[in-house]
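Peer 1: turn this into a model:
(one chain, ligands or ions: 1)
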Amino acid sequence: MTSGQNKSDAGLKLLLKTMIALLLLLGIAILLFMYSRSDDKQFMGILIDRVDTDRKVVALTFDDGPQPEYTQELLGILEAHKIKATFYLVGKNVERHFDETTAIINAGHEIGNHSWSHPRMVFKSQKFIAEEIESTDKVIRAAGQLGEIYFRPPFGTNSLHCHII
Ligand SMILES: [Zn+2]
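Peer 2: Residues are numbered from 1 along each chain as shown. A predicted model of the protein is given here:
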């Protein structure tokens, strides 16, 4: 065997190992992406998708508000039917429509956190996600929400760094 053949064999082995490593990484990336898109699985935190009860009840929730064109009418409908709901609000909308937020709280409904700007949370940094959640919590508290503030990730997705509060 010549030294040229040895170099050629070594080059082929390196190429093969590199291709196998790239295929493995691609496979892992596809699995992580599919897992992150799942509605019933997440990497961290507790996902609350049901509560044990003997009563026949449903949890009514509204996302992405408050939106002045719908919120007052919706509050009227809920009051007429004596229904309490949870509103998962977007922080920048709360800041923009503070009066609608306090109206929701004063009507006895629960407010949840739906991030500050409604981004996809997948593969975002821990710092980014913390800012999205904490700034929204802060403005929701300023509007008068007491007790725990639950978090619903935008688009139903979660990330490696996204904890449920
Ligand atoms: Zn949403």
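Peer 1: got any ranges where this structure has weak pLDDT?
Peer 2: 1-3, 35-46, 157-165 (pLDDT under 70).
Peer 1: can you list the residues of it near the ion?
Peer 2: 63-64, 154 (C-beta under 5 Å from the ion). For every residue, glycine as well, the C-beta is placed using N, CA and C.
Peer 1: and those, which of them are in strands?
Peer 2: residue 63 (DSSP state E).
Peer 1: for residue 48, see how far away residue 116 is.
Peer 2: According to C-beta to C-beta, to the nearest Å, residue 116 stands 21 Å off from residue 48.
Peer 1: for residue 145, what are its contacts?
Peer 2: Neighbouring residues of residue 145 by C-beta atoms under 8 Å, 6 or more residues apart in numbering: 105, 110-111.
Peer 1: from what I can see residue 118 touches residue 154, true?
Peer 2: Yes. Between residue 118 and residue 154 there is a contact under C-beta atoms under 8 Å: 4.5 Å.
Peer 1: run through the neighbouring helices and strands of the helix or strand hosting residue 138.
Peer 2: If you go by DSSP states H and E, residue 138 is part of helix 126-143. Here helix 126-143 touches helix 91-96, helix 98-106, strand 110-113, going by 3 or more C-beta pairs under 8 Å, 6 or more residues apart in numbering; DSSP states H and E.
Peer 1: report the angle between that helix and helix 98-106.
Peer 2: Put simply, helix 126-143 runs at 70 degrees to helix 98-106, going by axes from the mean of the first three to the mean of the last three C-alpha atoms, to 10 degrees.
Peer 1: so what touches helix 126-143?
Peer 2: In contact with helix 126-143 (C-beta under 8 Å, 6+ apart) are residues 89-91, 94-95, 98, 101-102, 105, 111, 113-117, 119, 121, 149, 151, 159, 161-162, 165.
Peer 1: now list the buried members of the residues you listed.
Peer 2: 89-91, 94-95, 101-102, 105, 111, 113-116, 121, 149, 151, 159, 161-162 (16 or more other C-beta atoms under 10 Å).
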